[in-house]
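Chemist: Quick one: sequence and predicted model below, then my questions.
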Amino acid sequence: MLVDSPPEPRAETAPAPPTRRAIRTVGLFLSLAVLVLVALASIAIGAKELSLEQVWHGLFEDSGTYGDVVVGERLSRTVLGLLVGAALGLAGAVLQALTRNPLADPGLLGINAGASAAVVTAITFFGVTSLNGYVWFAFGGAAVVGVLVYFLGGSRGATPVRLALAGTAISAALYGYLQAVMIMDEAALGKMRFWTVGSLASATDTTIRQVLPFLVAGTLLALALARPLNAMAMGDDTARALGAHLNRTRALSMAAATVLCGAATAACGPIVFVGLMVPHVVRSFTGPDLRWILPYATVLSPVLLLGADVVGRMVVRPAELQVGIVTAILGGPVFIFLVRRRRTAQL
């Protein structure tokens, strides 16, 4: 009679390691949490310190007290910073993918300067005073400079350094033009000084409502371009084989960058280096997949912009340092580091 042998104990299987997609998803939620904390700091920190209780009261129980008024003003400033930061980060990521240029940035390539120069021209020479009026000038200026930099940088044979040099040269010329206009029109000096550095100080609910449709449209368009831009990164022939429409993708990418940069500059002036720094940081832990780079840039770019704005309010109290100056101070060393990298220099 055969006796059944006892079943052998099963070896416990080790839990499967988390997938790269899961890690990226968790990281995106953590980035959102960081953004919320920075946004709260932007509302609480300023020339007048506010406690969390005062911030809560101003947000949800506004009774018209001085603290509530301050919270309302800072809330508008924070919301505009969120929108503009996301726009600049997205525009930078799209331009870097489109040009295959790790140094591409709306400020570095002169696009922000073009929008700013067009706005100042509209204010000074055409008497345009409303945001609804000069936002179209901002779009036009951004588009013209983008095309000009592309051709001066060598068109299809452009290299990262040539594009950066062309953008820097055009930016210098445009800022010289801005200085000349301010010297000739002393009455407009205070009005245009805002456009030479970039600031969130003049944020209002009206400004947000006027630029919001443009920023939302540009953001949705940029996010929708992730797949075709991924295909283009593998080369034109491969992209065609995958079904990508190259000319349409290039045109839509430039349109997205122009709308985002034009609306952001019309709202708060030229702010540089945000679109350069954040996509590089994001790419270091997401890899080259734009389906992840673009969402991360949308979340983390406002973290940088609002953080710089908070720093600018703290370092020279009771006055403040404009956010465009702070981002330039932070971005300068980063740009030098990127240019000196052997891999970048050989592109």
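Modeler: All right, it came through fine. All values reported here derive from a predicted model rather than from experimental measurement. Numbers count the residues shown, from 1 in each chain.
Chemist: How many neighbouring residues does Leu165 have?
Modeler: 15 (other CB atoms under 10 Å). Bear in mind the C-beta positions are built from the backbone N, C-alpha and C, glycine included.
Chemist: Same check on Leu321?
Modeler: 18.
Chemist: Sticking with the residue nearest to Ala319 when sequence neighbours are not counted, tell me its helix or strand.
Modeler: Nearest residue to Ala319, sequence neighbours excluded (CB to CB, 6 or more residues apart in numbering): Ala47, at 8.0 Å. Under the criterion DSSP states H and E, no helix or strand holds Ala47.
Chemist: you'd agree Ala47 is up against Val316?
Modeler: No: at 9.9 Å, Ala47 does not count as touching Val316 under the criterion of CB atoms under 8 Å.
Chemist: one step back: tell me, how many neighbours does the residue nearest to Ala319 end up with?
Modeler: Look at Ala47: counted by other CB under 10 Å, it has 12 neighbours.
Chemist: Now do the helix or strand harbouring Leu252: distance to the chain's middle.
Modeler: Element membership for Leu252, per DSSP H and E: helix 246-268. How far helix 246-268 lies from its chain's middle: 12 Å, per CA atoms, centre = their mean, to the nearest Å.
Chemist: How about stretch 259-277?
Modeler: That offset, for stretch 259-277, works out to 6 Å (CA atoms, centre = their mean).
Chemist: avg pLDDT for it?
Modeler: Regarding stretch 259-277, the rounded mean pLDDT is 88.
Chemist: Straight-line length of it, end to end?
Modeler: Length of stretch 259-277, first residue to last, CA to CA, to the nearest Å: 20 Å.
Chemist: Repeat that for stretch 38-50.
Modeler: Stretch 38-50: ends 15 Å apart by CA to CA.
Chemist: Run through who's touching that stretch.
Modeler: If you take CB atoms under 8 Å, 6 or more residues apart in numbering as the criterion, stretch 38-50 is touched by 51-52, 55, 58-59, 67, 70-71, 74-75, 77-78, 81-82, 302-303, 306-307, 309-310, 313-314, 317-320.
Chemist: Which of those fall in helices?
Modeler: Counted as lying in helices by DSSP state H, out of the contacts of stretch 38-50, are 52, 55, 58-59, 67, 70-71, 74-75, 77-78, 81-82, 302-303, 306-307, 309-310, 313-314.
Chemist: Show the buried residues in those residues.
Modeler: Buried residues within the ones in helices among the contacts of stretch 38-50, defined by neighbour count using 16 or more other CB atoms under 10 Å: 55, 58, 67, 70-71, 74-75, 77-78, 81-82, 302-303, 306-307, 309-310, 313.
Chemist: quick one: the helices in the stretch 101-250 of the chain?
Modeler: 111-125, 131-152, 160-184, 189-197, 205-224, 226-232, 236-241, 246-268 (DSSP state H, counting those that start in this stretch).
Chemist: in the shortest one, what counts as buried?
Modeler: Residues of helix 236-241 classed as buried under the neighbour-count rule (16+ other CB under 10 Å) are Ala239.
Chemist: got a list of contacts for it?
Modeler: By CB under 8 Å, 6+ apart, helix 236-241 touches Pro228, Ala231, Met232, Leu246.
Chemist: ok, 10 Å please
Modeler: For helix 236-241, contacts defined as CB atoms under 10 Å, 6 or more residues apart in numbering pick out 156, 228-235, 244-246, 249.
Chemist: Moving C-terminal from the host helix or strand of Ile293, which element do we reach first?
Modeler: Using DSSP H and E, Ile293 falls within helix 290-315. Later in the chain than helix 290-315, the nearest helix or strand by DSSP H and E is helix 323-340.
Chemist: now for that next one, which elements pack on it?
Modeler: In terms of contacts (3 or more CB pairs under 10 Å, 6 or more residues apart in numbering; DSSP states H and E), helix 323-340 is packed against helix 66-99, helix 160-184, helix 189-197, helix 274-286, helix 290-315, helix 342-345.
Chemist: where are the low-confidence patches of the stretch 1-150 of the chain?
Modeler: 1-18 (pLDDT under 70).
Chemist: give the contact list for the residue nearest to the spatial centre of the chain.
Modeler: Geometric centre of the chain, nearest residue: Leu88, 1.9 Å, by CA atoms, centre = their mean. By CB under 10 Å, 6+ apart, the residues touching Leu88 are 105-107, 112, 198, 257, 260-261, 264-265, 270-276, 278, 297, 301-302, 304-305, 327.
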